[in-house]
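Participant: quick one: sequence plus predicted model below, questions after.
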Amino acid sequence: MKRLITILFVLCMGMTMTTNAQTRYVGGDISLLPSYETNGAQYKDQNGNTISGGMLPYFKEQGMNAMRVRLFVDPSKASATHKGEGVRQDLEYVKALGKTIKDNGLAFMLDFHYSDTWADPVKQWKPDAWKTLTDNQLYTRIYEYTKEVLQQLKAAGATPDFIQTGNEISYGMLWGLESDGASSLKKCYVDNDSNWPYFTTLLKNAILACREECPAAKVVIHTERVARPSVLYGFYDKMKSYAIDYDIIGLSYYPYYHGKLTTLDNVLTQLESRFADKEIMIVETGYFHDWQPDNITGDNDLSSVYPITGEGQKAFAQALISQLKSHEKVTGLFWWWMEANEYGLNWNTQRVTDAWYNAGLFDNQTGKAEPALYVLKDFLGDQTGISEVGTENIPSTDKGVYTLDGRFIGNELPLQQGIYIVGGKKRVVK
């Protein structure tokens with residue numbers, strides 16, 4: 001049963017709230033954290049002291065307020081290679097991790113990969129269980145699946161606050177099967193309209209399920225074409241022309257793939273101008289603290305600016321945060337795979353992945369936290385939320401339910417934990 005607690009203040013009749021800049025969120029994608037912890041990874045702070053009490057409380061102590069987790073349809077069907085890269089997050093896994101995130105008072109971003117394996121710009125394969133479905137059947141199935149997942153997450157105490165309906169969907173999703181051949185794949189290009197009705201119908205049905213089950217959650221449309229701005233802008237132009245109902249432009253930005261910070265700065269400026277009604281989040285970023293791959297060369301090699309060391313990684317994080325804070329519409333920053341840590345594992349019997357990832361926020365060889373971990377909180381600045389009471393002529397007898405940023409979400413309080421405005425009163429659902 002919902003417990004309602006009226007807190008802080010009661011708004012007088014004829015008064016409404018005004019707010020400061022939108023709330024910012026900072027944290028990381030921690031999709032492999034349970035696997036590391038279960039297999040005995042030893043996490044230490046920057047001074048070499050063992051972190052006790054669990055990593056999520058520690059991340060919160062360092063000023064983080066949100067975490068992101070990916071979800072696959074049936075990762076047991078993924079290839080051995082992809083399993084070795086960390087593909088294992090099925091619904092039961094995500095329910096448990098999502099509940100832990102929420103129990104620790106952190107916002108939870110759910111990242112739907114509508115696939116059994118990695119979904120990104122070069123692979124958006126149908127899950128095995130959906131391989132024989134027609135387009136019309138897929139439209140129904142993506143709605144039903146999204147709805148079922150969210151219902152189970154809510155029942156488990158893991159209601160998402162942000163929902164990505166697809167991962168890096170710059171060229172569409174649910175193309176077909178990898179074995180079908182390129183000619184049969186439903187890829188989307190900004191200069192070719194042929195597959196956009198298919199793609200956007202899938203998106204609309206997935207988002208409809210999100211709005212029905214998690215009306216207070218914000219929907220994120222995630223792409224990664226920062227290095228190709230015309231494609232990026234064209235994509236979100238298509239979202240507008242097809243009337244896609246979403247809240248946040250989500251971007252991947254890795255400087256060694258997508259270019260220097262000046263490139264990102266220009267892109268953010270354009271997005272803020274072209275799509276002024278949307279928030280923007282960097283839902284994936286990272287930079288190496290050790291062992292940069294040999295294939296990162298030329299303009300993508302920024303090691304002369306940010307050395308491949310812990311301090312170089314920190315310098316990149318600081319520069320990124322400084323730039324993001326200059327863009328009012330940017331409200332989120334998530335470091336990808338920040339929990340990567342092979343220290344303490346038996347590489348022969350207890351490995352989590354088949355290769356080390358050296359752009360996380362822990363040293364794989366010592367378990368010590370990298371300096372960059374401790375500067376991420378700077379992205380939040382001095383946000384304070386509600387700042388004053390205004391005097392617009394809106395009666396406090398309005399019994400609709402609103403989020404703190406003023407979005408109407410219905411006439412009944414949702415089951416999702418959070419703070420809402422009802423009839424002129426600020427209320428908490430626990």
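Facilitator: Done, it's in.
Participant: in the longest helix along the chain, what counts as buried?
Facilitator: The helix spanning the most residues in the chain, taking DSSP state H as the definition, is helix 135-155. When burial is assessed from 16 or more other Cβ atoms under 10 Å, helix 135-155 yields the following buried residues: 138, 139, 141, 142, 143, 145, 146, 147, 149, 150, 153, 154. Placement of C-beta: from N, CA and C, glycine included.
Participant: isn't the third one up against residue 133?
Facilitator: Read it as residue 141. Yes - under the criterion of Cβ atoms under 8 Å, residue 141 makes contact with residue 133 at 5.9 Å.
Participant: and the gap between residue 111 and residue 349?
Facilitator: Look at residue 111 and residue 349: by Cβ to Cβ, to the nearest Å, they are 30 Å apart.
Participant: just residue 193 next, same as before
Facilitator: Distance, residue 193 to residue 349, using Cβ to Cβ: 52 Å.
Participant: could you do residue 381 as well?
Facilitator: 45 Å.
Participant: and residue 179, how many residues sit next to it?
Facilitator: The tally of other residues near residue 179 (other Cβ atoms under 10 Å) stands at 8.
Participant: what about the strands in the stretch 251-400 of the chain?
Facilitator: Secondary structure of the stretch 251-400 of the chain by DSSP state E, counting those that start in this stretch: the strands cover 279-285, 330-336, 386-390.
Participant: looking at those strands, which is nearest to residue 67?
Facilitator: Put simply, out of the strands of the stretch 251-400 of the chain the one that sits nearest residue 67 is strand 330-336, at 8.1 Å, with distance taken as Cβ to Cβ.
Participant: what is the mean pLDDT for the closest one?
Facilitator: Over the span of strand 330-336, the pLDDT mean works out to 98.
Participant: ok so residue 164 is a helix residue?
Facilitator: No - secondary structure assignment (DSSP: H, G, I helix; E, B strand; the rest coil) places residue 164 in strand, not in a helix.
Participant: number of residues surrounding the nearest residue to residue 350 once chain neighbours are set aside?
Facilitator: By the measure of Cβ to Cβ, 6 or more residues apart in numbering, the closest residue to residue 350 outside its immediate chain neighbours is residue 39, 4.4 Å from it. Using other Cβ under 10 Å as the criterion, residue 39 is surrounded by 16 other residues.
Participant: three-state assignment of residue 94?
Facilitator: Assigned by three-state DSSP, the conformation of residue 94 is helix.
Participant: isn't residue 109 up against residue 65?
Facilitator: No - under the criterion of Cβ under 8 Å, residue 109 makes no contact with residue 65, lying 11.3 Å away.
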